[in-house]
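Engineer: what's the 3D shape of this:
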Amino acid sequence: MSDTAPYASGTPLAVHTEHGYLHGQLALPADAAGLVVLAQTGSRPAAHDEALAAVLRQSGLATFTIDLLAQQEEHFPDAQTNVPLLTKRLLECLGLIKRQMLNEEIPAMRIGLCASGHGSPVVVRAAALRDHDIAAVVCRGGLIDLAGMLYLRSLESPLLLCVGETDAHLISNSRRALQEISCGKALEIIPASDSEFASATAFETMAQRTGSWFITHF
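Structural biologist: Here you go, the predicted structure:
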């Protein structure tokens with residue numbers, strides 16, 4: 001196995017796509033229980049995902065935070081909702097990670113997917129397409145039904161949905177979507193929270209549930 005020390009505290013990792021490079025940050029703590037890919041779509045502050053990634057690393061998980069949109073694309077509203085395109089890019093990111101594991105550039109470990117908002121249907125569709133390659137999925141808000149009914153019904157990766165208790169529409173949508181999923185699933189209603197989990201208490205609760213879900217299924 002190659003020396004992974006440069007990855008321990010985080011290192012930039014670029015993923016080549018037909019539209020250019022996507023830039024991410026890979027961090028591999030020693031003896032990580034698994035790797036969580038946090039997929040961003042330019043619709044949330046990067047600091048929010050970085051804070052969640054830090055919590056996951058403290059729980060003994062490796063993280064790979066990647067923005068599926070190039071910087072110039074974030075100004076185009078339809079880019080954030082282009083589920084097929086973003087799914088293709090996420091699959092390219094997963095392909096790079098798997099190749100590095102096979103080449104022993106990074107330790108082989110189980111992989112999970114995590115996203116919020118517009119990224120939620122993207123990780124659900126990607127997990128459905130990769131079958132047993134994805135050990136677990138966590139979505140923080142977002143309309144997962146936009147992944148497509150076929151992908152909801154074929155999903156095999158255990159799925160956790162975290163939804164703020166003040167977002168009645170999203171709770172209702174999530175419950176309907178989960179009825180189409182036959183694998184392991186759970187809906188976590190985060191008390192006193194909107195869909196952004198902006199308060200410190202709501203964020204802490206969401207982060208704890210997220211870490212526990214991945215550790216359990218890794």
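Engineer: okay, now residue 205: neighbour count?
Structural biologist: 18 (other Cβ atoms under 10 Å). For glycine as for every other residue, the C-beta is placed from the backbone atoms N, C-alpha and C.
Engineer: which stretches of this protein form helices?
Structural biologist: Per DSSP state H, the chain carries helices over the ranges 46-58, 83-102, 120-130, 149-154, 168-178, 200-217.
Engineer: residue 68 is nearest to which of these?
Structural biologist: Each of those has some distance to residue 68 by Cβ to Cβ; the shortest is helix 83-102, at 4.7 Å.
Engineer: hey, what's the angle from the closest one to helix 120-130? Just curious.
Structural biologist: 50 degrees (axes from the mean of the first three to the mean of the last three Cα atoms, to 10 degrees).
Engineer: picking that back up, so which of the helices of the chain is the most surrounded?
Structural biologist: Among those, ranked by average contacts under mean count of other Cβ atoms under 10 Å, first place goes to helix 120-130 (a mean of 26).
Engineer: what is the mean pLDDT for that one?
Structural biologist: Mean pLDDT, helix 120-130: 97.
Engineer: equivalent analysis for stretch 17-33, please.
Structural biologist: Mean predicted confidence for stretch 17-33 is 87.
Engineer: looking at the helices of the chain, which is nearest to residue 20?
Structural biologist: Of these, nearest to residue 20 by Cβ to Cβ is helix 83-102, at 10.5 Å.
Engineer: list the contacts of that closest one.
Structural biologist: Helix 83-102 is contacted by residues 13, 15-17, 22, 24, 35, 37, 39, 41, 64, 66, 68-69, 79, 106-109, 111, 113, 118-119, 121-123, 125-126, 129-130, 133, 146-148 when judged by Cβ atoms under 8 Å, 6 or more residues apart in numbering.
Engineer: output that helix as CSV, nothing but the C-alphas.
Structural biologist: Taking C-alpha atoms only, helix 83-102 is exported to CSV below (Å, rounded to 0.1, in the frame of the first residue of the first chain):
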residue,chain,number,x,y,z
VAL,A,83,-29.7,15.5,-12.2
PRO,A,84,-28.4,13.4,-15.2
LEU,A,85,-25.4,15.6,-15.7
LEU,A,86,-24.5,15.9,-12.0
THR,A,87,-25.0,12.1,-11.6
LYS,A,88,-22.6,11.5,-14.4
ARG,A,89,-20.0,13.7,-12.8
LEU,A,90,-20.5,12.0,-9.4
LEU,A,91,-20.0,8.6,-11.0
GLU,A,92,-16.7,9.9,-12.5
CYS,A,93,-15.6,11.0,-9.1
LEU,A,94,-16.5,7.5,-7.7
GLY,A,95,-14.6,5.9,-10.6
LEU,A,96,-11.4,7.9,-9.6
ILE,A,97,-11.7,6.9,-6.0
LYS,A,98,-12.2,3.2,-6.8
ARG,A,99,-9.2,3.3,-9.2
GLN,A,100,-7.0,4.8,-6.5
MET,A,101,-8.2,2.1,-4.1
LEU,A,102,-7.4,-0.7,-6.6
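Engineer: list the contacts of the nearest residue to residue 34 once chain neighbours are set aside.
Structural biologist: Nearest non-adjacent residue to residue 34, counting by Cβ to Cβ, 6 or more residues apart in numbering: residue 218, 3.5 Å away. Contacts were defined as Cβ under 8 Å, 6+ apart; by that measure residue 218 touches 33, 34, 61, 109, 110, 112, 135, 136.
Engineer: what's the per-residue pLDDT of residue 218 here?
Structural biologist: Reported pLDDT for residue 218: 95.
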